[in-house]
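[1] Output the structure for:
(2 chains)
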Amino acid sequence: MSRRVLLREIAHARSGDKGNCSNLCIFVYDSDCYAALRAQLTAEFLKRELGALLSGEITRYELPAMHGLNFVMQDALEGGVNESLNLDGHGKSWSSLVLGLEIEL
Amino acid sequence: MASTERFRLGTGAGFSADRLDPAVDLVERGELDAIVFECLGERTLAFAYRDRAADPERGYTPLLQRRMRAILPAAIANGVRIITNMGAANPAKAAGITRDIARELGLVGVRIAYVLGDDVSDAIGPDTPLWEGMTVAEVGRRFIGAHAYLGADALMPALQAQAQVIITGRVADPSLYLAPLRHHFGWPGDDWSLLGAGTVVGHLMECAGQITGGYFADPGYKKVDDLARLGFPIAEVQPDGGACITKLDGTGGVVNERTVKEQLLYEVHDPSRYLTPDVCADFSGVRIASPAPDRVTISGARGSHAPESYKLTVAFDGGYLAEAGISYAGPGAQARAELAGRVVEERMSTVHASNAPLRIDIIGAASLHATARRYHDSSEDVRLRCALRASSSEQAELLLWEVESLLCCGPAGGGGYRGHVTPSVITYSASLPRTNVAAQTQVLVS
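    Model prediction:
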């Protein structure tokens, strides 16, 4: 039977910035969960859940040997550290934002 | 002369405000060949250009003296070469200060090299195109300066001159690590696989504690012991570019496959095409293994031809950022904070006719993730935070005044006002052909 889980329960993540572009890598703790992560944590899924923030193009790179994904998200930092009025202009906390989403296992 | 002995490389700082004690520990006990202090963020150098314009004796990184005083004695005694971009906008002055500190400490004959050539402000004109799609003139802001990200090549003359301290301005972060590896192992400047491998080592090491358990701990999920005493990393690099990342016994933190994986992709876009001035590195085939606690081996990085041009950062005056806050707690706190925010918004536009971008957050309910519309509505202990970008400091001060006046004129029970105005810079990127950039090296002796 499938169940919904917070990504935080099965994965760890880190985010960083370059200008107004955010990158976020995410890795599952247990390789058995990689197929579900890969199938469900798509660029379209992120757009649907967080589109108000992630306003630009999202590119996903797969790292199967590390059981991870790397997202490159354009126009995802409210202008970036140059212009953003967000306290977190680097989007350091975007990793926690994504770990707060749910997928099905 | 090329060596086949492994090279022990440490990181002493991963950003300008990084801790000092882990670096001192590394030079004292690390049996290092070299230690790198990376202290220039994307915009730090633009601020340094402004400092230098105000006073030609300034423009180097503010913690230079404290760092050099703390690390020079053990570094010189133990034969640890210091490589750093702490020169920022003024490597010559930083080298002079370092020579004077060495003399004060009784260290005679220390060879201190500095590298110039990254400041390419003179190559920028109104018609220079920026990666963001406009020209310099179209930005419509005061130009501050421009610098090129130099590569490992720029450090080779200083290494060949046997400098014990090498001080640069802008050099691509991984290149600060690749240069001593190239020098030690005699790697040719066009062996793309080796340069790719050395670049991965540099990339993993460049943020210091971010690979030894910093920016990682998450209680209940990701355990890190003794985070307050986080040790900084050591890379034991082999002649083929393979490496083991570790840290000193007795320090806090952790090096495991998870910390290394997170850092491998940190600020990386396409993992198969990581561009530096030295190489187009390919991280996609990297293999990570942990043969023992706090030891992680890296292998399998590759590379291809370096880019034909240098990346530049072009800096402009960004005006002023004003931030001010006031707190509300107890029943109805959030409603009172929201009312206060509406009052500030109304008065900035009607009383002050301000059209500067203004942001209102309720810290404790909706702040960092407010734009993503992920927030909680139940907190009874919140803080109104207002932020505004203005072209003058007088305009910026108006926001502080309005938030402070809420103490008497705003909703009930508001306290803990704080506010500050900080000057800001705005940076964009551009390209410059390699032939237009020439690095130069000078050596001082204490």
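[2] Just list the residues touching B:Gly20, thanks.
    No Gly there; residue B:20 is Leu. B:Leu63, B:Arg66, B:Arg67, B:Ala70 (Cβ atoms under 8 Å, 6 or more residues apart in numbering or on different chains). C-betas here are computed from N, CA, C, even on glycine.
[3] which of these has the most neighbours?
    B:Arg67 (23 neighbours; other Cβ atoms under 10 Å in any protein chain shown).
[4] same question for the helix or strand where that one lies, mean pLDDT?
    B:Arg67 is part of helix B:64-77, with elements assigned from DSSP states H and E. Confidence over helix B:64-77 (mean pLDDT, whole number) is 98.
[5] and it, what does it pack onto?
    When contacts are defined as 3 or more Cβ pairs under 8 Å, 6 or more residues apart in numbering or on different chains; DSSP states H and E, helix B:64-77 packs onto strand B:7-13, helix B:21-29, strand B:34-37, strand B:81-84, helix B:91-104.
[6] What residues of the second one count as buried?
    Right, the one you point to is helix B:21-29. Neighbour-count burial for helix B:21-29, counted by 16 or more other Cβ atoms under 10 Å in any protein chain shown, picks out B:Pro22, B:Ala23, B:Val24, B:Asp25, B:Leu26, B:Val27, B:Glu28.
[7] tilt between that helix and strand B:7-13?
    150 degrees (axes from the mean of the first three to the mean of the last three Cα atoms, to 10 degrees).
[8] Helix B:21-29 - what's its average pLDDT?
    Helix B:21-29 carries an average pLDDT of 98.
[9] Can you name the residues in contact with it?
    Contacts for helix B:21-29 (Cβ under 8 Å, 6+ apart): B:10-13, B:32, B:35, B:37, B:67, B:70-71, B:74-75, B:78, B:80, B:208-209, B:230-232, B:234, B:248, B:251.
[10] With the third one instead?
    Around strand B:34-37, the neighbours that count as contacts under Cβ under 8 Å, 6+ apart are B:7, B:9-13, B:23, B:26-27, B:67, B:71, B:75, B:80-86, B:176-177, B:180, B:205-206.
[11] try the last one
    For helix B:91-104, contacts defined as Cβ under 8 Å, 6+ apart pick out B:57-61, B:64-65, B:68-69, B:72, B:76, B:86-88, B:108, B:110, B:112-116, B:165, B:167-169, B:442, B:444-446.
[12] Could I have the buried ones of those residues as PyMOL selection syntax?
    Burial among the contacts of helix B:91-104 is assessed by 16+ other Cβ under 10 Å; the matching PyMOL selection reads:
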select buried, chain B and resi 58+59+60+61+64+65+68+72+76+86+87+88+110+112+113+114+115+116+165+167+168+169+442+444+446
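[13] Which members of the contacts of helix B:91-104 occur in strands, if any?
    Counting by DSSP state E, those place B:Ile112, B:Ala113, B:Tyr114, B:Val115, B:Leu116, B:Val165, B:Ile167, B:Gln442, B:Leu444, B:Val445 in strands.
[14] per-residue pLDDT, B:Met1?
    The model's pLDDT for B:Met1 equals 58.
[15] Kindly report the same for B:Ala53.
    84.
[16] From the contact counts, what lies against the helix or strand harbouring it?
    Here B:Ala53 sits within helix B:44-54, counting by DSSP H and E. If contacts are counted by 3+ Cβ pairs under 8 Å, 6+ apart, helix B:44-54 sits against strand B:143-148, strand B:309-329, strand B:415-433.
[17] Output those strands in JSON lines; the columns should cover mean pLDDT.
    Converted to JSON lines, those look like this (pLDDT from 0 to 100):
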{"stretch": "strand B:143-148", "mean pLDDT": "94"}
{"stretch": "strand B:309-329", "mean pLDDT": "96"}
{"stretch": "strand B:415-433", "mean pLDDT": "94"}
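[18] out of the ones you listed, nearest to chain A?
    Of all these, strand B:415-433 sits nearest to chain A, with 4.5 Å by Cβ to the nearest Cβ.
[19] Can you give the distance of stretch B:380-399 from its chain's centre?
    Taking the mean of its C-alpha atoms, stretch B:380-399 sits 26 Å from the chain's own mean (Cα atoms, centre = their mean, to the nearest Å).
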